[in-house]
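> Okay, sequence plus prediction incoming.
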Amino acid sequence: MKKHTILKYATIAIIIMVTIPQYGFYQDTISDKELIGKGNPELFGNGYNLREEAHLSFIKMQKAALKDGISIGAVSSYRGFAHQKRIWERKFKSNKANGLTDKANINKIIEYSTIPGTSRHHWGTDIDIYQTNVKQPKNVLLPRHFHNNGPYCKLKEWMDANASTYGFYLVYTDNPNRKGFKYEPWHYSYKKLSVPYLKAYETLKISEILKSEGLSGIESFTKDFVNQYINQNILDINPELL
């Protein structure tokens, strides 16, 4: 084979390896900082922040729902570590003022809120939704609003029937055997991206990371508590997202 022919095929092979991951050595790594909300991810959205693929699928879902008379809005999406820490400190201070011990305080917070550095909202894959074209209740994110005659019951029915078509799945279901965070009919995750994020997250030494962050109540973050929190609050979720 002539030299210029060899070079030609070698060049083609290199192009294939670079542009088509499955033919090369491409590896889409996720940094530890991204996993705990301290990265600088590229985010997209109007009134919310998601990774590009999740954002594009969310737009498709919004358009489909709108054809059925349901306008989907976002309450919360990406939250960095600092944001989650502010939520944690505010709730901890309020509960402490009401006389709760540190242990009781933490247990109350983690009924619905995550410990900073452990939130799925750190990944840019998850979003809390509501319906915008109905009369709004005073407190938006309450389970009762999504059922029976609640203002968002039509949204919930539509999501139950259609969300998976666009790659979104409810995270904290109403399965009575599920532990950890309470039922959240508003919290959806874009499966294609969040599943590998969760797998990467499981490799982190969460206990060591948390101890270095100076969180209120950190003295109660024993090894047993952290292990239980990981098993129940992080991993006891919709099986579709594991």
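Sure thing, it's come through. Residues are numbered from 1 along each chain as shown.

> all strands of the chain, in order?
For the chain, the strands defined by DSSP state E occupy 72-76, 126-131, 168-170, 187-190.

> neighbouring contacts of the last one?
Contacts made with strand 187-190 from outside it, assessed by Cβ atoms under 8 Å, 6 or more residues apart in numbering, are listed as 50-51, 53-54, 57-58, 120, 125-129, 159, 163, 167-172, 241. No exception for glycine: its C-beta is placed from N, CA and C like everyone else's.

> Name every strand pairing with it and say which way it goes.
According to DSSP bridges, strand 187-190 forms sheet pairs with strand 126-131 (antiparallel), strand 168-170 (antiparallel).

> okay, that strand in PDB with CA atoms only?
This file holds the C-alpha atoms of strand 187-190, laid out as PDB (Å, rounded to 0.1, in the frame of the first residue of the first chain):
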ATOM      1  CA  HIS A 187     -39.900  16.900  41.300                       C
ATOM      2  CA  TYR A 188     -38.900  15.400  37.900                       C
ATOM      3  CA  SER A 189     -35.500  14.200  36.700                       C
ATOM      4  CA  TYR A 190     -34.200  13.800  33.200                       C
END
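
> From the chain's centroid, how far away is that strand?
The chain centroid and the centroid of strand 187-190 are separated by 6 Å under Cα atoms, centre = their mean, to the nearest Å.

> what does the third one give?
Strand 168-170 sits 10 Å away from the centroid of its parent chain (Cα atoms, centre = their mean).

> and that strand, which residues are buried?
Of all the residues in strand 168-170, those buried under the rule 16 or more other Cβ atoms under 10 Å are 168-170.

> Please apply the same query to stretch 200-215.
200-201, 206, 209-210, 213, 215.

> now swap in stretch 39-51 and tell me
Residues 39, 41, 44-45, 48-51 are the ones in stretch 39-51 that count as buried (16+ other Cβ under 10 Å).

> closest to Leu142 among the residues you listed?
Distance to Leu142, by Cβ to Cβ, is smallest for Tyr48 among the buried residues of stretch 39-51, at 20.1 Å.

> doesn't Ile127 make contact with the closest one?
Yes: using Cβ atoms under 8 Å, Tyr48 makes contact with Ile127 at a distance of 6.1 Å.

> so what's in contact with these two at the same time?
Counting by Cβ under 8 Å, 6+ apart, the residues touching both Tyr48 and Ile127 are 58, 74, 76-77.

> And the residues you listed, which two are furthest apart?
Within the shared contacts of Tyr48 and Ile127, Phe58 and Ser76 form the most distant pair, 13.3 Å apart (Cβ to Cβ).

> Report the separation between Trp88 and His121.
Separation of Trp88 from His121 (Cβ to Cβ, to the nearest Å): 13 Å.

> Next: Ile209.
Shown here: Ile209 relative to His121, a distance of 17 Å by Cβ to Cβ.

> from the buried residues of strand 168-170, which is closest to Ile110?
Distances from Ile110 to these, taken by Cβ to Cβ, are shortest for Leu170, at 18.9 Å.

> residues contacting that closest one?
Contacts of Leu170 (Cβ under 8 Å, 6+ apart): 159, 163, 184-185, 187-188, 238.

> In this protein, what residue spans correspond to helices?
For the chain, helices defined by DSSP state H occupy the ranges 3-19, 32-35, 52-67, 81-97, 102-109, 153-162, 191-201, 206-211, 223-229.
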